[in-house]
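[1] got a structure for you, letters missing:
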């Protein structure tokens with residue numbers, strides 16, 4: 001190296017894989033390209049037997065995918081640049097054609113509905129909505145529409161209505177319909193939707209998997225090898241890849257997932273109980289309350305953690321008689337809780353669905369699913385629950 005010019009040395013000096021170190025944590029592989037020993041090895045790598053280019057695969061991202069596949073009991077997990085990119089990739093993996101129908105939950109995350117409406121409907125794909133809490137309605141819709149894909153959430157966003165995942169997946173199987181289940185609100189080990197029969201387990205990894213509000217990404221896990229190949233092709237060809245920096249942060253967050261989730265679920269349960277006793281609150285949407293119509297279903301659906309029955313860390317509540325301006329004043333008065341268009345972080349967060357997740361929906365459409373101007377979505381963090389309650393109380397007083 002010493003015989004080379006300084007300009008050449010500046011480019012090549014120090015680039016080596018012979019450091020002979022073994023890190024305890026998978027490092028960030030911030031490189032676009034991986035070199036091979038010879039052309040034969042490069043040929044094998046390009047055929048899928050190794051790393052060659054970070055759009056095709058990256059060791060940091062692969063480590064995250066392996067960890068999530070383990071948690072999901074999956075054959076494979078494929079990571080994308082965001083939750084929306086992950087949904088798009090899953091839909092592309094379904095090989096939809098003009099005339100095919102996508103049956104979607106009536107109360108699904110608004111942007112998921114908009115994605116299909118914007119990108120697939122103009123290509124001739126039909127889009128229909130159904131109440132996935134009504135199994136008979138789903139059975140009838142599957143039969144009449146001959147849907148190619150069913151998309152739903154175990155716990156709906158934002159009103160936390162509960163879908164019987166196993167029954168829905170069985171109904172879909174009877175009509176050869178693929179199921180994409182967005183389980184962002186219910187990460188494993190709280191729920192493994194692949195074990196319930198789902199074809200695709202989708203998560204916005206930005207949320208509970210990352211958990212600290214510092215990384216954006218999405219993941220899809222599958223048990224079928226062919227679907228895994230189709231997913232990876234969608235990721236590689238579409239270029240919606242996850243950065244190794246984001247993957248590193250998510251892998252770090254994943255290590256404390258169970259600890260965070262357990263505390264968040266406990267806080268959510270206490271908050272729901274407290275909110276249900278407040279005169280200023282007309283309704284609380286949380287399946288952990290015995291008054292929730294799907295309380296028993298949720299208890300069967302979600303897995304206990306350390307022997308404790310938990311009901312998720314997401315809830316919503318309706319401020320009595322509140323209009324949009326009232327909710328704005330309430331959220332502006334919060335000091336500890338963060339008004340944010342995300343969830344699943346260590347900090348408690350509130351979101352106003354009419355301007356966030358369901359922005360652009362007409363009043364009539366929101367009314368149809370029970371979403372009023374007074375509804376606030378709440379993501380419980382890991383703070384002391386008494387501090388969270390005190391902040392809510394002073395904001396209500398304001």
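    Sure, I can see it. Since this is a predicted model, take the numbers as computed values, not measurements. Residues are numbered from 1 along each chain as shown.
[2] Please report how far residue 30 lies from residue 245.
    Residue 30 sits at a distance of 7 Å from residue 245 (criterion: Cβ to Cβ, to the nearest Å). C-beta here means a position set from N, CA and C on the backbone, and glycine is covered the same way.
[3] Sorry, slip of the keys, the one I care about is residue 300.
    Distance of residue 300 to residue 245, given as Cβ to Cβ: 40 Å.
[4] Same question for residue 285.
    Applying Cβ to Cβ, the value for residue 285 to residue 245 is 36 Å.
[5] neighbours around residue 173, how many?
    13 (other Cβ atoms under 10 Å).
[6] can you check residue 284 too?
    Count around residue 284 with other Cβ under 10 Å applied: 23.
[7] Residue 36 now?
    15.
[8] what ranges do the helices span in the protein?
    Shown for the chain, the helices assigned by DSSP state H span residues 6-12, 39-44, 59-72, 83-93, 110-115, 135-145, 165-174, 225-238, 244-254, 257-275, 295-301, 324-333, 363-368, 385-397.
[9] So which residues make contact with the fifth one?
    The list of residues contacting helix 110-115 from outside it, by Cβ atoms under 8 Å, 6 or more residues apart in numbering, reads 84, 87-88, 104, 127, 129, 151, 182, 353, 357-361.
[10] Pull out the buried residues from the residues you listed.
    Buried by 16 or more other Cβ atoms under 10 Å: 84, 87, 88, 104, 127, 129, 151, 182, 353, 357, 358, 361, out of the contacts of helix 110-115.
[11] ok, which pair from these is furthest apart?
    The span of these, defined through Cβ to Cβ, is set by 88 and 353 at 22.2 Å.
[12] And residue 285 and residue 245? Which one has more around it.
    Regarding residue 285 and residue 245, a neighbour count based on other Cβ under 10 Å identifies residue 285 as having more, with 23 against 13.
[13] what's the pLDDT at the more buried one?
    For residue 285, the model assigns a pLDDT of 97.
[14] what's across from it in the sheet?
    residue 316 (DSSP bridges).
[15] Hmm, it is touching residue 311, no?
    No - look at residue 285 against residue 311 with Cβ atoms under 8 Å: they stay out of range, at 11.5 Å.
[16] Now do the contacts for residue 203.
    Contacts for residue 203 (Cβ under 8 Å, 6+ apart) come out as 68, 83, 86, 182, 183, 184, 187, 209, 218, 219, 220.
[17] Can you list phi and psi of the fifth one for me?
    What that stands for is residue 183. Per-residue torsions, residue 183: phi -100, psi 30 (degrees, to the nearest 10).
[18] List the contacts of it.
    So residue 183 contacts 153, 154, 191, 193, 201, 202, 203 (Cβ under 8 Å, 6+ apart).
[19] you'd agree the first one is up against residue 104?
    No - the pair formed by residue 153 and residue 104 falls short of the contact definition of Cβ under 8 Å, at 10.1 Å.
[20] low-scoring stretches of the protein, by residue?
    Applying pLDDT under 70 to the chain flags the ranges 1-2, 16-19.
[21] redo that, cut-off 90
    Applying pLDDT under 90 to the chain flags the ranges 1-23, 45-49, 110, 305-306, 354-372, 398.
[22] What is the neighbour count of the closest residue to residue 141 other than its chain neighbours?
    The spatial neighbour of residue 141 that comes closest, neighbours along the chain excluded (Cβ to Cβ, 6 or more residues apart in numbering), is residue 130 at 4.4 Å. Residue 130 sits with 20 neighbouring residues when counted by other Cβ under 10 Å.
[23] Over to residue 273?
    By other Cβ under 10 Å, 14 other residues sit near residue 273.
[24] how much space between it and residue 80?
    Counting by Cβ to Cβ - residue 273 and residue 80 are separated by 37 Å.
[25] what do you get for residue 180?
    Distance, residue 180 to residue 80, using Cβ to Cβ: 13 Å.
[26] Those two - which one has more neighbours?
    residue 80 (27 against 24).
[27] pretty sure the more buried one is touching residue 86, no?
    Yes - if you go by Cβ under 8 Å, residue 80 and residue 86 touch, sitting 4.2 Å apart.
[28] intersection of neighbour lists for the two?
    The contact lists of residue 80 and residue 86 share 218, 219, 220, where a contact means Cβ under 8 Å, 6+ apart.
[29] As CSV, these with distance to residue 333 and neighbour count would be great.
    Listed next are these as CSV, based on distance: Cβ to Cβ, whole Å; neighbours: other Cβ atoms under 10 Å:
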residue, distance to residue 333, neighbour count
218, 33, 28
219, 36, 26
220, 39, 33
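[30] Let me know the closest of those to residue 37.
    residue 219 (31.7 Å).
[31] What distance do you get for the closest one to residue 210?
    Note on residue 219: its distance to residue 210, by Cβ to Cβ, is 11 Å.
[32] For burial, what's the neighbour tally of residue 27?
    13.
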